[in-house]
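Undergrad: pasting the sequence and the predicted model now:
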2 protein chains.
Amino acid sequence: MGISDRKEREKTELRSLILKAAKKLFLEQGIEKTSIRNIADAIEYSPGTIYHYFQDKDSIFHEIHTEGFQELGKRMAILHEVENPFERLKAMGKIYIKFAFENTDMYDLMFLKQAPMDFLEKMDCEWDEGQATFDVLRHTVQSCMEQGYFKDQELEAVTFMVWSAVHGMVTLNLRHRCKVVNAHTPDEIVHVSFQAFIKLIEQQQ
Amino acid sequence: MGISDRKEREKTELRSLILKAAKKLFLEQGIEKTSIRNIADAIEYSPGTIYHYFQDKDSIFHEIHTEGFQELGKRMAILHEVENPFERLKAMGKIYIKFAFENTDMYDLMFLKQAPMDFLEKMDCEWDEGQATFDVLRHTVQSCMEQGYFKDQELEAVTFMVWSAVHGMVTLNLRHRCKVVNAHTPDEIVHVSFQAFIKLIEQQQ
DNA sequence: AATATATTTGAACACTGTTTAATAAACCAA
DNA sequence: TTGGTTTATTAAACAGTGTTCAAATATATT
């Protein structure tokens, strides 16, 4: 069945060509300015062709969002080297913030944009990417609790709180709501308030 | 000058008629589905007329965003009755979360959407609405610090951290990222993690 | 009444995501 | 090689978007 194999290969090739062009345009100009016609132009196909490989725009951006989680996962991998749970939690926060700063549009797509969630809703799928990342955080928080951090607190609540705090800092910056802060630039305030958050947890000990 | 007075009056009347229709449509269907043509239809004028009263769509939604801050301000007003600073901080968080839950699209516009910030950028204006709200929070945090909370922390960093934590919880819920949490519904987790955050601050004392 | 000003309009421009009928290409069996 | 079938690709169309602008209408002033 070598022929149908090649056909299959050609099909996935054009599919990934579309995806590659979409990602390039997306990283250059964001989701709103990346239109189906732009993507079609970039790969020199008609707009209609794209709908033979993807059911809609949301599905394309869901796949790009997944690539974002792969990149974040890669960066998180070094955390295995950090033995101390609380040090690991701190390092995790720093990696998360660094990722957000260096991939603003990607972070936006992963944690703010409707598109990937709309796709999951339509397909009746779970948010596996978010789930896996949250699981890693939960595990680290649990280890911290076993060492006496977050005394008398509930694991799930603390984990979500930690995520929320960092996500909040990052998104207020991303969406230009940090102008109201004195004495710090928008980029600075994210870092100093993260340190303040860490200090708050540490001082409990 | 009675005639020009009446003309002035009529002009502001149509202006606020546009605004009223825009707000109604916005609260019913969100910003994306509220088009200039929708608004024009609702008030039975042509689309072009709207551009004699507003320079663009962003300016309309900046004004609606301001109304949102007025509503939030009204709700915050009862905080004057809460003497204890930390109780006031807790109450403030609860009001903020309640507002976000009861006015999801408005919260989105106020703290997430690009439109009002794009308008301020174009007009070279300050974000007065956000500034005023942040000032109230800063003042409350300062009072808390004077009572021994947030020991050895910087005021600005702590204030932004508190805002970020609550904003993070609210927006992760708003943008449907809470599915990953176990044992709690998306709505529940916001409340329990807020309690966890309060506990974290309290336990320092 | 004629002129000047202000307001309103509808059409146009350049876009958007998506669907579809028609066409072209590739494949397979006789 | 031919004929039939499947697959891939396209252009055009649909219904929408924000915005601009010349022209038409309405109002006010001289």
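TA: Yes, it's here.
Undergrad: spatially central residue for chain A, please.
TA: Chain A has residue A:110 as the residue nearest its centroid, 3.9 Å off, counting by C-alpha atoms, centre = their mean.
Undergrad: my guess is that one meets residue A:66, correct?
TA: No. At 9.0 Å, residue A:110 does not count as touching residue A:66 under the criterion of C-beta atoms under 8 Å. For the C-beta atoms, the positions are set from N, CA and C on the backbone; glycine is no exception.
Undergrad: so what sits against both of those two?
TA: residue A:129 (C-beta atoms under 8 Å, 6 or more residues apart in numbering or on different chains).
Undergrad: look up the closest residue to the residue nearest to the centre of chain A, ignoring the ones flanking it.
TA: Using C-beta to C-beta, 6 or more residues apart in numbering or on different chains and skipping the chain neighbours, the partner closest in space to residue A:110 is residue A:68 (4.7 Å).
Undergrad: list the contacts for that neighbour?
TA: Listed by C-beta under 8 Å, 6+ apart, the contact partners of residue A:68 are A:103, A:106, A:107, A:109, A:110.
Undergrad: what helices or strands is the helix or strand harbouring the third one leaning on?
TA: Read that as residue A:107. Per DSSP states H and E: residue A:107 is located in helix A:104-111. The helices and strands touching helix A:104-111, judged by 3 or more C-beta pairs under 8 Å, 6 or more residues apart in numbering or on different chains; DSSP states H and E, are helix A:2-29, helix A:57-76, helix A:115-123, helix A:155-174.
Undergrad: lowest-confidence stretch among the ones you listed?
TA: Note on the helices and strands packed on helix A:104-111: lowest mean pLDDT is at helix A:2-29, with a mean of 81.
Undergrad: buried set for the very next helix or strand once past that helix?
TA: Using DSSP H and E, the helix or strand that directly follows helix A:2-29 along the chain is helix A:36-43. Neighbour counts over helix A:36-43 (16 or more other C-beta atoms under 10 Å in any protein chain shown) mark A:36, A:39, A:40, A:42 as buried.
Undergrad: say whether DNA strand D is contacted by the very next helix or strand once past helix A:36-43.
TA: Next in sequence after helix A:36-43, counting helices and strands by DSSP H and E, comes helix A:47-50. Yes. For a cut-off given as C-beta under 7 Å from any atom of the strand, helix A:47-50 has contacts with DNA strand D, namely A:47, A:48, A:49.
Undergrad: please name the residues that touch the nearest residue to the first one once chain neighbours are set aside.
TA: Beyond its immediate neighbours in the sequence, the residue positioned closest to residue A:47 (C-beta to C-beta, 6+ apart) is residue A:40, lying 4.4 Å away. Contact analysis of residue A:40 by C-beta under 8 Å, 6+ apart lists A:46, A:47, A:49, A:50.
Undergrad: report how many residues lie close to the residue in chain A that chain B sits nearest to.
TA: Of all residues in chain A, residue A:168 sits closest to chain B, with a separation of 2.8 Å (C-beta to the nearest C-beta). Neighbours of residue A:168 under the rule other C-beta atoms under 10 Å in any protein chain shown: 28.
Undergrad: make sure it is actually in contact with residue B:166.
TA: Yes. Applying C-beta under 8 Å, one finds residue A:168 in contact with residue B:166, separated by 7.2 Å.
Undergrad: helix, strand or coil for residue A:53?
TA: Of the three states, residue A:53 takes coil under DSSP: H, G, I helix; E, B strand; the rest coil.
Undergrad: ok, now which ones touch residue A:178?
TA: Here residue A:178 is in contact with A:172, A:186, A:189, A:190, B:160 (C-beta under 8 Å, 6+ apart).
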